[in-house]
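In: Mind folding the following:
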Amino acid sequence: MQIRAFLLLLALMLLAATAEAGKNKKEKVKKDISECEDWRWGPCVPNSKDCGLGYREGTCKDESKKLKCKIPCNWKKKFGADCKYKFESWGGCSSQTGVKTRSGILKKALYNAQCEEIVYVTKPCSSKIKSKSK
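Out: Numbering: from 1, shown residues only. Have a look, this model is predicted:
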């Protein structure tokens, strides 16, 4: 009988401790919320080289924040990682230049980025000839 009472008391103590720990987490989240609505965000700055994990700084009145961000390493650096485009299919190969071209129309500008409305991308024509196997 004493063992059951001890186990019940232990369970109640653990339950109270986890409830108290949950309250602390909620308080931390509330402190990070800002009432400012006019945030100005800078570009994503990689921690090393020109792609990968990094951070972006934001300011609003007297407040400033840093957010984690990521620039994909295969991203077209000419456009910036904050400009998202919808691209058409690749055009035909130009025999004069040896490249093919396609255009992209701006779909979304993240973090108030300054983006071009239409961009053009070129790449070398493939020298391989694709054959269909039957």
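In: for the protein, longest strand please?
Out: With secondary structure taken from DSSP state E, the chain has its longest strand at strand 99-109.
In: got the contact list for that strand?
Out: In this structure, residues lying in contact with strand 99-109 by C-beta atoms under 8 Å, 6 or more residues apart in numbering are 82-94, 115-125. C-beta here means a position set from N, CA and C on the backbone, and glycine is covered the same way.
In: after that strand comes which helix or strand?
Out: Remark: after strand 99-109, the chain's next helix or strand is strand 118-124, criterion DSSP states H and E.
In: May I have the strands that pair with the longest strand of the chain, each with its orientation?
Out: Strand pairing for strand 99-109, using DSSP bridges, gives strand 83-87 (antiparallel), strand 118-124 (antiparallel).
In: deepest of those strands, which one?
Out: Each of the strands paired with strand 99-109 was scored by mean neighbour count; the highest is strand 83-87, a mean of 15, by mean count of other C-beta atoms under 10 Å.
In: Quick check: what element follows the helix or strand hosting residue 56 along the chain?
Out: Using DSSP H and E, residue 56 sits within strand 52-60. Once the chain leaves strand 52-60, the next helix or strand it forms, by DSSP H and E, is strand 63-71.
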